[in-house]
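**Q** sharing a model prediction with you, sequence too.
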There are 2 protein chains.
Amino acid sequence: MRIGELAGRTGVSVRALRYYEEQDLLAAERSPSGQRRYPESAVDRVVLIQQLYAAGLSSRTIAELLPCVVDGRATPALIERLAAEREQVDRRITDLRHARDRLDSVLTAATANLRTGAACRREAAPRAR
Amino acid sequence: MRIGELAGRTGVSVRALRYYEEQDLLAAERSPSGQRRYPESAVDRVVLIQQLYAAGLSSRTIAELLPCVVDGRATPALIERLAAEREQVDRRITDLRHARDRLDSVLTAATANLRTGAACRREAAPRAR
DNA sequence: CTTGCCTCTGACGTCAACGTCAGGTTCTAG
DNA sequence: CTAGAACCTGACGTTGACGTCAGAGGCAAG
């Protein structure tokens, strides 16, 4: 398929796909006229890339680990790298949970105050730009 | 305390503290000569700011919500905002968990392959810069 | 008083993951 | 055949949270 269809089916922009290629995350055949042609498997690949971005990995890191992720093969060094990234993700999850809990306690407190009529009287002033 | 001490005690840079002030996240008294003076409570405040950054909130958002977070009071609109941010954080946690699970399955697969002697034979090529 | 660290403002630099625009080619529907 | 959509490369713009540098003033010790 061509780049526009891949973009449509994955929900990422054409620009992003070209960027992925630039970063060696996603290869493409070329038609005689130079247009990119992707196989069906590219859809899954792009989804995977998005997942890894969502995990907070950089494109540099993804490029290093993708071959391993795709074919399930790796050197011990790559496996260590993967494990380290996994730990990173775990820590980020923990941090986020703490932050969420913090927001939760703030929320319940604020809501309770609202109900007891203790709401702020100064309106939120529109901040200068 | 002065800015250097606050930086040391919170682990954030002096530059970051000045940036927080610029973004209305952290106020400071000034000595007659113009140097910033912070109360003890600034330490907690900076820690809180870090937590909210960790939650993925922007400084703009933090500035809007901080008064509410600090004194537990808010307008209904602010409470809605908080709840929305909380949901955002929740979604991010879910995404991260998916990504982590993905990394996990890759890891176990790769490790199993390693043990069965199916490791990649082409070494990880050092990528061009 | 001077040395050396701390602090100030102002301003430009950085980095990642794209967005956007220009100027040109290619493909496809009619 | 032609209009218009889709594609190409190349290059500059954007955003957020700072880093870094310059040039100047402040503060404690000896």
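**A** Sure thing, it's come through.

**Q** only C-alpha atoms for contact and neighbour calcs from this point on.
**A** Noted.

**Q** mind giving me the domain ranges of chain A?
**A** What automatic domain parsing lists as the domains of chain A is A:1-73, A:74-116.

**Q** any idea how far the longest one is from the chain center?
**A** Put plainly, it is domain A:1-73. 13 Å (C-alpha atoms, centre = their mean, to the nearest Å).

**Q** what does the last one give?
**A** For domain A:74-116, the distance between its averaged C-alpha position and the chain's averaged C-alpha position is 15 Å (C-alpha atoms, centre = their mean).

**Q** re the thing from before, which of the domains of chain A comes out lowest on mean pLDDT?
**A** Here the domains of chain A differ in mean pLDDT, and the lowest is domain A:74-116 at a mean of 85.

**Q** tell me the first helix or strand C-terminal of the helix or strand harbouring A:Leu17.
**A** In the assignment (DSSP states H and E), A:Leu17 maps to helix A:14-22. Using DSSP H and E, the helix or strand that follows helix A:14-22 in sequence is strand A:29-30.

**Q** sheet-wise, list the partners of the next helix or strand after that next one with their directions.
**A** Per DSSP H and E, the first helix or strand lying C-terminal to strand A:29-30 is strand A:36-37. Sheet pairing here is set by DSSP bridges, and for strand A:36-37 it gives strand A:29-30 (antiparallel).

**Q** which residue is nearest the middle of chain A?
**A** With distances taken as C-alpha atoms, centre = their mean, the residue of chain A nearest its centroid is A:Ala54 (2.0 Å).

**Q** identify the residues contacting it.
**A** The neighbours of A:Ala54, taking C-alpha atoms under 8 Å, 6 or more residues apart in numbering or on different chains as the test, are B:Asp95, B:Leu96, B:Ala99.

**Q** what about stretch A:53-60, how long is it end to end?
**A** Start-to-end span of stretch A:53-60 (C-alpha to C-alpha, to the nearest Å) is 11 Å.

**Q** quickly check: the helix holding A:Leu17 near DNA strand C or not.
**A** Yes. Interface with DNA strand C: helix A:14-22 contributes A:Val14, A:Arg15, A:Ala16, A:Tyr19 (C-alpha under 7 Å from any atom of the strand).

**Q** what's that helix packed up against?
**A** helix A:3-10 (3 or more C-alpha pairs under 8 Å, 6 or more residues apart in numbering or on different chains; DSSP states H and E).

**Q** any part of the helix it packs on near DNA strand C?
**A** No. Against DNA strand C, helix A:3-10 shows no contacts by C-alpha under 7 Å from any atom of the strand, the least distance being 10.1 Å.

**Q** kindly calculate the angle that that helix makes with helix A:14-22.
**A** Here helix A:3-10 points in a direction 100 degrees away from that of helix A:14-22 (axes from the mean of the first three to the mean of the last three C-alpha atoms, to 10 degrees).

**Q** can you name every helix or strand that helix A:3-10 contacts?
**A** Helix A:3-10 sits against helix A:14-22, helix A:41-54, with contacts defined as 3+ C-alpha pairs under 8 Å, 6+ apart.

**Q** anything in the longest one near DNA strand D?
**A** No. In this structure, helix A:41-54 remains apart from DNA strand D according to C-alpha under 7 Å from any atom of the strand; the gap is never smaller than 13.9 Å.

**Q** please identify the buried residues of that helix?
**A** Neighbour-count burial for helix A:41-54 flags A:Ala42, A:Val43, A:Arg45, A:Val46, A:Leu48, A:Ile49, A:Gln50, A:Gln51, A:Leu52, A:Tyr53, A:Ala54 (criterion: 16 or more other C-alpha atoms under 10 Å in any protein chain shown).

**Q** next one: stretch A:71-90
**A** Buried residues in stretch A:71-90 (16+ other C-alpha under 10 Å): A:72-75, A:78-79, A:82-83, A:85-86, A:88-90.
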